[in-house]
Every structure is written in C-alpha cells, then in structure tokens.
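Colleague: Task: produce atomic coordinates for the following.
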Amino acid sequence: SARTQVENTQASLIALGVARAQYAHAIAVLVGKNPEALDIPANSSVPELPGIPAGVPSTLLQRRPDIAVAERQMAAANAAIGVATAAYYPTLSLSAADGFSQSPLADLLQVANHVWSLGADIGETLFDGGERHAEVAAARASYEASVAHYRGTVLGALQNVEDDLSGLRILAEQSQTLDATVDDATRAATIAFNEYQAGTVDYTTVATARATQFNAQQSALNVHQQRLLDTVSLIGDLGGDWS
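Modeller: Residues are numbered from 1 along each chain as shown. Modelled structure (predicted):
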C-alpha cells in the first residue's frame, strides 16, 4: 500500500514535467527566443511573494493600454464635434480658379459667373436640409458613446485591481490557517512514527498520518501558488508594478 502511494505520487510528479516544459517555452517566446533555446534549471525553493504597499494609487491605471486607447478615442471623438461644427462655416478654397488665387474677394462682385459659382458652393453648405445639424448630432452621440466606453473601461480596470487585492488579502488569511494545519499534521506524523517505533501502532497508522501531512502541505503550496498568480495578475491589471 505504501509503495502504491509512492508510485502514484511519482507519476504525478512526472506529469508535471509537461506543464513545466510548456511554461519554459512560453517564457522563451516572451523574451524573443526559440522555445527550445531557453533552459531553466529546476529549483526546489518556493518563490517569495513581493511586498505590496498598503495603498496602491489609482493613477497607475493610466499606464494600461486599454485605458490609454479609450482615453484617446474619447479625445478624438471630442475633437470630431469641433470639426463638424466648423463645417457650418465653409472654408472656400478658390485657388483652383483663374483670377482667384491672389485676392479672391477683390473682384468678386465684378465677375458674374464667379459670383454665381461661389454662391452655389455656399448654398450647398448652408442650406442642406439639416444634414450638417445631423452630422453634429452624430458627432456628439459618438462622443457620448466614447465617454461611456472610457468610463466602463476604467471601472472594469478598478474591478480587476480590487479583485486581485481582495484575493491576496483573503488568501493570506487562508495561508496562515493552512500553515497551522501543516504544523499540526507534521506533529501528528512524528507522534505516529514514534508510536510505531515503540511498537504500540502498526505502520498503516504512520502511512495515514504521513498522507495527511502531505495533503496539508500540498494545500498550503496551492494557496501560495495562487497568491503568486494573483500578484502577477495585479501587476498586469495595473499596467506594471506599483512603483
């Protein structure tokens, strides 16, 4: 029975090699190398959690690409309102017509065909059956939509950061409880082994106590891993670290 547990554990450890190789390949691609070019030696030590300051300023969110894009889109939509409004006042370029390039208004009233041509251009702009007004209204609606999108993007970013911070806080409390569980399970395994050596219990009791100890240690490691993942997630949601 003990050998069966050991062999199952060894098989699980070997299976983890697949995930480890995939992570190493992903890191190689992130740093611009061929997947097989990066060799990360195995290390049995557990990574330490970085210290996170008590107050994380929300201004750090300005570094996020999605927020920066939404903010620029909002600014562009705001500028588009000015462009549409300026179209009420036509910009007349007369340089393409002979006699207009030097002083377009000097001889305006003296040349009839030029007057009619200019009048037609102005009429098409000012008397358009409300088309220009509709374009301004559409520009304003587009701006309002971009403001709503920007607001939603910022609120979503704040939610992501708050989720990360809450997860780290709650997992820290869980980790403390599991550390106590590991200590108790380790003491229980030691007591069971001492009793086995004294001849008061059989080895099955020791194996059961060891299995309980290992399960507690595995749970503690899983929580520590999740805390590391939440820390990485926080760094990503902030658009970088908290410095």
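Colleague: Tell me where this structure has strands.
Modeller: Ranges of strands in the chain, per DSSP state E: none exist.
Colleague: for it, what helix or strand is lowest in average pLDDT?
Modeller: helix 112-126 (a mean of 43; mean pLDDT, DSSP states H and E).
Colleague: Nearest spatial neighbour of residue 182, chain-adjacent residues omitted?
Modeller: Spatial nearest neighbour of residue 182, excluding adjacent residues (Cβ to Cβ, 6 or more residues apart in numbering): residue 216 at 4.7 Å. Every C-beta, even on glycine, is put in place using the N, C-alpha and C of the backbone.
Colleague: Likewise for residue 202?
Modeller: residue 196 (7.1 Å).
Colleague: likewise residue 157?
Modeller: Using Cβ to Cβ, 6+ apart, the nearest residue to residue 157 is residue 61, at 5.0 Å.
Colleague: Residue 1 now?
Modeller: In space, residue 1 is closest to residue 207, 6.8 Å off (Cβ to Cβ, 6+ apart).
Colleague: any weak-confidence spans in the chain?
Modeller: 54-58, 85-130, 132, 243 (pLDDT under 70).
Colleague: residue boundaries of the helices in it?
Modeller: 2-30, 65-86, 112-126, 131-198, 203-237 (DSSP state H).
Colleague: Can I get these in JSON lines including mean neighbour count and distance to residue 41?
Modeller: Output for those, formatted as JSON lines (neighbours: other Cβ atoms under 10 Å; distance: least, Cβ to Cβ, whole Å):
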{"stretch": "helix 2-30", "mean neighbour count": "11", "distance to residue 41": "10"}
{"stretch": "helix 65-86", "mean neighbour count": "15", "distance to residue 41": "34"}
{"stretch": "helix 112-126", "mean neighbour count": "12", "distance to residue 41": "72"}
{"stretch": "helix 131-198", "mean neighbour count": "15", "distance to residue 41": "27"}
{"stretch": "helix 203-237", "mean neighbour count": "16", "distance to residue 41": "19"}
